[in-house]
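> heads up, no residue letters with this:
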């Protein structure tokens, strides 16, 4: 068939020179070219992403220090009964919710302030991004040293102004990790919200003002609906990032004290490299993947509904 | 002639796409070929003539650097000396075991080699020892325990490199100011001394956030980590030892609450800041203390007694992973690094204590007040992990112990409940 089409194309036969046959051939060539261009990306993701994912799925069906004893779905079933897994999952949900709510709230507040005609606004925006641009390793070590109750600078400052010494990494370890994450991500979130705010046409505010809407009403009925796409993006990325948090417990608390900051991925890491149970760790990773996909779908649904509303 | 010139000097979009596609295909093909070309031949020493060593970042001494330099020249290899913290080395090593791309030589803490030997990841040194042991003095010149800890079913899987013990380090000036003329020898003495030394912001002692520092207390109370398929035996003695440490912090308040951290340096930091008078540590902290606070006149006292005088025998060893590409060369490097003159050089450089009997007998060592005290401690030091290492489950059990220790000593939870939970969970791990 292909050769027939090609013959017709060359001889000019068929309904017209630019007829369906020629169009089909052109489409095919374009498709082929497109696939050719996609090939490096497909190769890259196939080799470095989907192949390891497949391998991990297989590993999750095995057990033992060398993951060489087939155990079927036992790793998945066992995880639901494992109190350590339940604890780490619960901690991670609290952590993710805390980070998300505070980051969105503070980020939006900062964006609203920065959207006003302030002097030095550009410098402020740049400064706000610094924590986000700083490596998580530096951030973790920095805060660990600042918060050290014995030799950290924060207690020296508290002492200088007559405040009692803090030992937050002991008294409120999870809240402290939430605080560090909020410190790191709020600037970036505010920049995203700021871009959203600057994209809202002024005409809507004018119309609302003419209709007698108050500042709060304009915020509620104009700003918030227009910021829905930015909010959706921030919340989806925020949830994914928070559920996958590893660096802070690893660098700041080592999951402690006790199991107080044993976040899910940190727990998976320990199952793999301390407990030497790669099969179980793989199953736990897959379960998190499912959870993240569910959360993301819910957020997309909710986001789409709010956009249409 | 260029493609463009064939089409009246212009490159059509389709041609550009074809060219791009061809280049990508060629690139992928050549990469694959290049990868094949780079693939090492079996036993050729992969990665060219590179010899890979995994080493603890705190043990990069000039004495070892000199040996490695000579080793490179003698064998015409390039040594890639990779330095890690222990907690980073373990995942790297386990990933290497899985991938088959193992280093040639590894420094390990407290006989990881035995744990990994159980799962078949470590090469036996038996044949090397049979041919070279007498010449290098192995095992006769090594402290007996250090040989036993690396031996499984008659096969030796590692050679002890450093041998350390934890002792009591105290600030002599603070003792003198408080009118105390000798260091404590028992738990009761220790508590009384710590109470006298605790004034305002200064604490009598400082316990460590790192769980491994709790083990001498358990040994002193006659507790074994793993014995006859049971953990923390006898259990009531383990509870008592952990409760005593908890009380030092939360009841008697002679130690600050160990600050949440990811390392072991907390007590050392408060010791050099003169905010505590006593800490338990090993020779690895001597050089940093001397450097950070040269004005502190400190003494090293023997470990405490309760039911028995005891401390933990730790230190590091070296092993050759199974499948290492330069196993013979690795053995040669082990021989060089464990020679007596090298041990003495490392001690001179870093105050590290060593496993050779002839090292302990050296007049310089025996007459040194600090090293001599640590050396004496080795005579009653015990290996906390020996039996557990042989189960291959030490990593999992240690992780649970760490959590239990922090709950009791840091978070002030009752020792009995925490110990019972630990034993239950850890037993499942060992049997599982």
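That came through, no problem. Everything numeric in this text was worked out from a predicted model, so none of it was measured.
> Nearest residue to the closest residue to chain A within the stretch 201-350 of chain B in space, please, no chain neighbours.
Using C-beta to the nearest C-beta, the closest approach of the stretch 201-350 of chain B to chain A is made by residue B:260 at 3.8 Å. Using the backbone N, CA and C atoms, a C-beta is placed for each residue, glycine as well. The shortest distance from residue B:260 to any non-neighbouring residue, by C-beta to C-beta, 6 or more residues apart in numbering or on different chains, is to residue A:169 (3.8 Å).
> Go through the helix or strand where that neighbour lies and flag the buried ones.
Secondary structure from DSSP states H and E places residue A:169 in helix A:168-171. For helix A:168-171, the neighbour count (16 or more other C-beta atoms under 10 Å in any protein chain shown) marks A:169, A:170 as buried.
> Now for residue B:414: which residues touch it?
Residue B:414 sits next to B:243, B:408 when contact means C-beta atoms under 8 Å, 6 or more residues apart in numbering or on different chains.
> Can you get me a residue count around residue B:131?
10 (other C-beta atoms under 10 Å in any protein chain shown).
> what helix or strand is it on?
Counting by DSSP H and E, residue B:131 is part of helix B:126-136.
> ok, residue A:115 - contacts?
Residue A:115 makes contact with A:194, A:197, A:198 under the criterion C-beta under 8 Å, 6+ apart.
> What is the neighbour count of the last one?
Pointing back at residue A:198 there. Neighbours of residue A:198 using other C-beta under 10 Å come to 10.
> ok, it to chain B distance?
Residue A:198 sits 36 Å away from chain B, going by C-beta to the nearest C-beta, to the nearest Å.
> just the second one next, same as before
Spatial separation of residue A:197 from chain B under the definition C-beta to the nearest C-beta is 39 Å.
> helices or strands next to the host helix or strand of that residue in the packing?
Under the criterion of DSSP H and E, residue A:197 resides in helix A:173-198. Contact here means 3 or more C-beta pairs under 8 Å, 6 or more residues apart in numbering or on different chains; DSSP states H and E; on that basis helix A:173-198 packs against helix A:83-114, helix A:121-133, helix A:136-147, helix A:168-171, helix A:228-243, helix A:247-248.
> ok so, going back, can you add pLDDT and give the contacts of residue A:115 back as JSON lines?
Shown next, in JSON lines, are those (pLDDT from 0 to 100):
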{"residue": "A:194", "pLDDT": "93"}
{"residue": "A:197", "pLDDT": "93"}
{"residue": "A:198", "pLDDT": "91"}
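> Pick out whichever of these sits closest to residue B:174.
Nearest to residue B:174, judged by C-beta to C-beta, of the contacts of residue A:115 is residue A:194 at 56.4 Å.
> Next, work out how far apart that closest one and residue A:303 are.
Going from residue A:194 to residue A:303 by C-beta to C-beta, to the nearest Å gives 19 Å.
> So for those two, which residue has more residues nearby?
Remark: of residue A:194 and residue A:303, residue A:194 carries more neighbours, 22 against 17, as counted by other C-beta under 10 Å.
> what separates that one from chain B, distance-wise?
Going from residue A:194 to chain B by C-beta to the nearest C-beta gives 36 Å.
> For the stretch 151-300 of chain A, which residues are neighbours of chain B?
A:151, A:167, A:169-170, A:173, A:250-260, A:269-270, A:272-278 (C-beta under 8 Å from any C-beta of the partner chain).
> Please flag which of those sit within helices.
Assigned to helices by DSSP state H, the following of those qualify: A:169, A:170, A:173, A:269, A:270, A:272, A:273, A:278.
> residues near residue 83, how many?
No chain specified, so I'll use chain A. Residue neighbour count, defined by other C-beta under 10 Å, stands at 10 for residue A:83.
> meant chain B actually
Residues lying near residue B:83 (other C-beta under 10 Å) number 15.
> so it sits right up against residue B:52, yeah?
No: contact criterion C-beta atoms under 8 Å: residue B:83 and residue B:52 do not qualify, at 11.9 Å.
> how about low-confidence regions in the chain?
By default, I'm working from chain A. Within chain A, the stretches with pLDDT under 70 are A:1-21, A:305-309.
> that's the other chain; I wanted chain B
In the predicted model, chain B carries pLDDT under 70 at residues B:1-48.
> Please parse chain B into its domains.
Domain ranges of chain B: B:50-164+B:314-382, B:165-313+B:385-431, per automatic domain parsing.
> For those domains, could you give me a markdown table that also reports distance to residue A:265?
Listed next are those as a markdown table, based on distance: least, C-beta to C-beta, whole Å:
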| stretch | distance to residue A:265 |
| --- | --- |
| domain B:50-164+B:314-382 | 13 |
| domain B:165-313+B:385-431 | 15 |
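> Can you get me a residue count around the residue in the stretch 1-150 of chain A that chain B sits nearest to?
Nearest residue of the stretch 1-150 of chain A to chain B: residue A:36, at 4.0 Å (C-beta to the nearest C-beta). Close neighbours of residue A:36, defined as other C-beta under 10 Å, add up to 16.
> Residue A:247 is in contact with residue A:138, isn't it?
No: with contact defined as C-beta under 8 Å, residue A:247 does not count as touching residue A:138 (10.5 Å).
> Which of those two has more residues huddled nearby?
Neighbour count, other C-beta under 10 Å: between residue A:247 and residue A:138, residue A:247 has more, with 17 against 10.
> can you pull the contacts of the closest residue to the more buried one other than its chain neighbours?
Using C-beta to C-beta, 6+ apart and skipping residues adjacent in sequence, the residue nearest residue A:247 is residue A:136, 4.3 Å away. By C-beta under 8 Å, 6+ apart, the residues touching residue A:136 are A:184, A:247, A:248, A:251.
> Let me have those residues in a markdown table, extended by distance to residue B:280.
Listed next are those as a markdown table, based on distance: C-beta to C-beta, whole Å:
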| residue | distance to residue B:280 |
| --- | --- |
| A:184 | 37 |
| A:247 | 31 |
| A:248 | 30 |
| A:251 | 26 |
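> What is the nearest of those residues to chain B?
Set against chain B, the nearest of the contacts of residue A:136 by C-beta to the nearest C-beta is residue A:251 (6.6 Å).
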